[in-house]
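# my questions are about this predicted structure, shown below with the sequence.
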Amino acid sequence: MLRRISMKARGSRRIMGIGKRLQRYLSRPQPTESSPKRIYGTENVTSHIFNRKMSSASTLNSEERVVGMQKILEDFGAEFINIEDTSGGCGAFFHIHIVSSKFEGMALVKRQREVQKMLHEFIHDVHGTSIKCKTPAQHQKEIEDSRKE
């Protein structure tokens, strides 16, 4: 019985608190014609969305993205490049497999970050990417292991 009373009291306090806030809201002065209107940032948000400059890669189709990524990775000095659009051609998800001797001595995460920096123009608005960065020795071992199976 004591617990029920405390629950009722707690609930009534909560209702009283909402009532006080509502009273304060209703008692504040209403804006007039001459007072400045508040938009609470919606104007800035919509103008930012509609006036945003589109990057050159955001208008590219899937094939153009793949060609651009391949060119950048070839300039990097990759010995093997395989880029697949696994989203059915819409360009939402890419699997990127790169083999380069420049990855020697680099941690896996650092390799992937370097590739992401290079390809940022092409992958920043893509839903997802899967990046495999391997050294030539790792790639050769992977090929040999797949032949054994």
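Now that the structure is in, tell me what you want to look at.
# tell me where the model's unsure across the chain.
1-23, 25, 30-58 (pLDDT under 70).
# now do the helices in it.
2-27, 42-50, 62-76, 108-118, 120-123, 136-148 (DSSP state H).
# which of the residues in the shortest one are buried?
Residues of helix 120-123 classed as buried by neighbour count (16 or more other C-beta atoms under 10 Å): 121-123. Where C-beta positions appear, they are placed from N, C-alpha and C, glycine not excepted.
# got a markdown table for the residues you listed, with distance to residue 132 too?
Listed next are the buried residues of helix 120-123 as a markdown table, based on distance: C-beta to C-beta, whole Å:
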| residue | distance to residue 132 |
| --- | --- |
| 121 | 20 |
| 122 | 17 |
| 123 | 14 |
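# residue 97 contacts residue 80, doesn't it?
Yes: at 7.3 Å, residue 97 counts as touching residue 80 under the criterion of C-beta atoms under 8 Å.
# between the two, which one's more packed in?
More crowded of residue 97 and residue 80, by other C-beta atoms under 10 Å: residue 97, with 17 against 12.
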